[in-house]
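Peer 1: I'd like to go over a predicted model; first the sequence, then the structure.
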Amino acid sequence: MIVSDTIAAISTSMGTSGIGIIKISGPMAIKASLYFFRKKNTSTFDPDNVVSHKMIHGWIVNEDKQTIIDEVLWVCMKKPHSYTGEDVVEIHTHGSHVVLQTILESILSVPDIRLAEPGEFTRRACLNGRMDLTHAEALNEIISAQTSKTLHFTSAHLSGKFRSHITRLRDRIFKCLTKIEATIDFPDDLFDEDLIELSFMPQINQIEQWISSYDQTSIYRDGLRVVIVGRPNVGKSSLLNYLLAKDRAIVSQHPGTTRDVIDAQVNIDNIPITLYDTAGIHQTLDVVEQQGITRAKALITEADLILFIVEADKSLSDDDFYVFQMIEKHKWILCANKIDRVKNIQIDNLPRQWTDPIGISALHGIGIDDLKKSIVNQAIQKDSDLPEPEFMINFRQKKCLENAKNALMQAQIAYNNHLPPDCVVIDIRQALDALGNITGDVYHEQILDDIFSTFCIGK
Ligand code: GDP
């Protein structure tokens, strides 16, 4: 890939931090950065004789060459041994937004240097063969990983596990394609027995396994929306606070304190969970409360799981049944809160068809571990026969696998029905392309645009 322009961006997150990094990549990277760099004890610094991969201490100065902007570490990584495969320079500054922005603006003032687009460094790395698409996508997912489990599943891509599986699979399919194409080119040289064993079932089965691993692992990436509902004063806000281990929502003995939805993030057993505390649901004429209840209803319809809170020491009231009507068609866990007030759950009118309640105390933390286990059990598909996947595939990769599987199935049908070899070849080529889209061996600009637009600037 030949790129004529040089790109630059701040690669660390905005805000105050110990250090910040500006990254520059392209033919002008070294020359342009040295224009603003002063090495300790030396006034000149020859761009043609810089040593690759060696940190150099110095200062970034203004255009007047006198005023120091910051004390920095400067490092260049000469092509092709760099992240992008081009000449790359990193300037490690102090992590002040003003410093970073000032230095970036200086660099961008040099002709032929422009601000990098989101993911452009990584896009160049892919196009220059420094990494494949599974690796690039994994990097993006690692940056946004919310739990150690997601990190574990995603970082497996960095060692190229999935890519090598896909490459081997493509090779095997390619061999079948060669055989079939030979029957088109040299029909007289081949005996029927050469083709008699042609079956794509092993490949289809393998692809199906990877597709099902998507459902097994997506929970760790996408997380769960868990909505806490119940009539006023049952302890919803107290439960939210206990699960978050901080006072996020106001707790009060007066009903109706939570009138709007409060949401917060928590990890339970490596599952990223968004918890929603909702307004107490009951029949009311209060207009503000009604609005809160309408919002709670909307959230119920979008929830993955509902925690239905009642009180452990009281009979169910009309309001509890009113709440039940709203949630019965969804996935829910019944929590009998305030168990600290009684020895056992004492709800004398609990309908038999309701699930067994879990006794909890949101105030004292009783039963919370059982509740967490129950949330995890509801969330994770219990396909105990399936081993834990080696890696996590994303939605795009799943779609490519589905396309490959469908094309291979079509090829098998065409082959079994003795359709002309050309027809079989078309389907096999489609399958190969779909698998090639996963690694980037086959790509369209649109695929790259879609992938890299989700990256941050500077990656
Ligand atoms: P919400 O209206 O459903 O959000 O209920 P709150 O969390 O505001 O709690 C209402 C009242 O119940 C407050 O006085 C809490 O201190 C109290 N409460 C909440 N959970 C418990 C519990 O587990 N045990 C006891 N004894 N009181 C609780």
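Peer 2: In hand now; what should we look at?

Peer 1: measure residue 8 to the ligand for me?
Peer 2: For residue 8, the distance to the ligand equals 50 Å [CB to the nearest ligand atom, to the nearest Å]. Heads up, the C-betas are built off the backbone N, CA and C, glycines and all.

Peer 1: so where's the stretch 351-459 of the chain shaky on pLDDT?
Peer 2: Counting by pLDDT under 70, the low-confidence segments of the stretch 351-459 of the chain come to 381-386.

Peer 1: need the residues of it near the ligand, please.
Peer 2: Remark: the part of the stretch 351-459 of the chain in contact with the ligand comprises 361-363, using CB under 6 Å from any ligand atom.

Peer 1: out of those, who's the most crowded?
Peer 2: The residue in those with the most neighbours, by other CB atoms under 10 Å, is residue 362 (27 neighbours).

Peer 1: give me every residue that touches that residue.
Peer 2: Residues in contact with residue 362, defined by CB atoms under 8 Å, 6 or more residues apart in numbering, are 235, 238-239, 241-242, 337-338, 368.

Peer 1: cool, residue 155 as well?
Peer 2: So residue 155 contacts 138, 142 (CB under 8 Å, 6+ apart).

Peer 1: pLDDT weak spots in this structure?
Peer 2: For the chain, applying pLDDT under 70 flags the ranges 1-3, 41-44, 185-197, 250, 254-259, 381-386.

Peer 1: how about the residues of it near the ligand?
Peer 2: Residues of the chain lying close to the ligand (CB under 6 Å from any ligand atom) are 230, 232-238, 251-253, 257-258, 280, 337-338, 340-341, 361-363.

Peer 1: elements contacting the longest helix seen in the chain?
Peer 2: Ranked by residue count under DSSP state H, the longest helix found in the chain is helix 161-185. Contact here means 3 or more CB pairs under 8 Å, 6 or more residues apart in numbering; DSSP states H and E; on that basis helix 161-185 packs against helix 133-143, helix 193-196, helix 201-222, helix 395-416, helix 421-439.

Peer 1: swap the cut-off to 6 Å and go again
Peer 2: Under the contact criterion of 3 or more CB pairs under 6 Å, 6 or more residues apart in numbering; DSSP states H and E, helix 161-185 touches helix 421-439.

Peer 1: got the angle for the helix or strand that the helix it packs on is followed by vs helix 421-439?
Peer 2: Proceeding N to C from helix 421-439, the next assigned helix or strand is helix 445-452, under DSSP states H and E. Interaxial angle of helix 445-452 relative to helix 421-439 (axes from the mean of the first three to the mean of the last three CA atoms, to 10 degrees): 30 degrees.

Peer 1: go through helix 445-452 and flag the buried ones.
Peer 2: When burial is assessed from 16 or more other CB atoms under 10 Å, helix 445-452 yields the following buried residues: 448, 451-452.

Peer 1: try stretch 405-423
Peer 2: 405-412, 414-415, 421.

Peer 1: quick check: the residue nearest to the spatial centre of the chain vs residue 134, distance?
Peer 2: The centre of the chain sits closest to residue 141, judged by CA atoms, centre = their mean, with a distance of 4.4 Å. As judged by CB to CB, to the nearest Å, residue 141 and residue 134 stand 10 Å apart.

Peer 1: for residue 307, same thing?
Peer 2: Going from residue 307 to residue 134 by CB to CB gives 37 Å.

Peer 1: higher neighbour count, the two?
Peer 2: Neighbour totals were compared for residue 307 and residue 134, and residue 307 leads with 28 against 24 (other CB under 10 Å).

Peer 1: so where does the more buried one fall, helix or strand?
Peer 2: Using DSSP H and E, residue 307 falls within strand 305-311.

Peer 1: same thing with residue 18?
Peer 2: Element membership for residue 18 (DSSP H and E) is strand 17-25.

Peer 1: buried sites along that strand?
Peer 2: Using 16+ other CB under 10 Å as the test for burial, strand 17-25 gives 20-25.

Peer 1: picking that back up, what's the strand holding residue 307 in contact with?
Peer 2: By CB atoms under 6 Å, 6 or more residues apart in numbering, the residues outside strand 305-311 that reach it are 226-230, 234-236, 320, 327, 330-338, 378.

Peer 1: then stretch 213-226?
Peer 2: Outside of stretch 213-226, the residues within contact range by CB under 6 Å, 6+ apart are 149-150, 153, 271-275, 303-305, 379, 389, 392-393, 398.

Peer 1: can I have the buried ones of those as a PyMOL selection?
Peer 2: Buried members of those, defined by 16+ other CB under 10 Å, are picked up in PyMOL with:
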select buried, resi 149+150+153+271+272+273+275+303+304+305+379+389+392+393+398
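
Peer 1: burial measure for residue 221, as a count.
Peer 2: Residue 221 has 22 neighbours, counted by other CB under 10 Å.

Peer 1: where does the stretch 51-200 of the chain get nearest to the ligand, which residue?
Peer 2: Closest contact between the stretch 51-200 of the chain and the ligand, by CB to the nearest ligand atom, is at residue 146 (26.1 Å).

Peer 1: now that residue: phi and psi?
Peer 2: The phi/psi pair for residue 146 (degrees, to the nearest 10) reads phi -100, psi -20.
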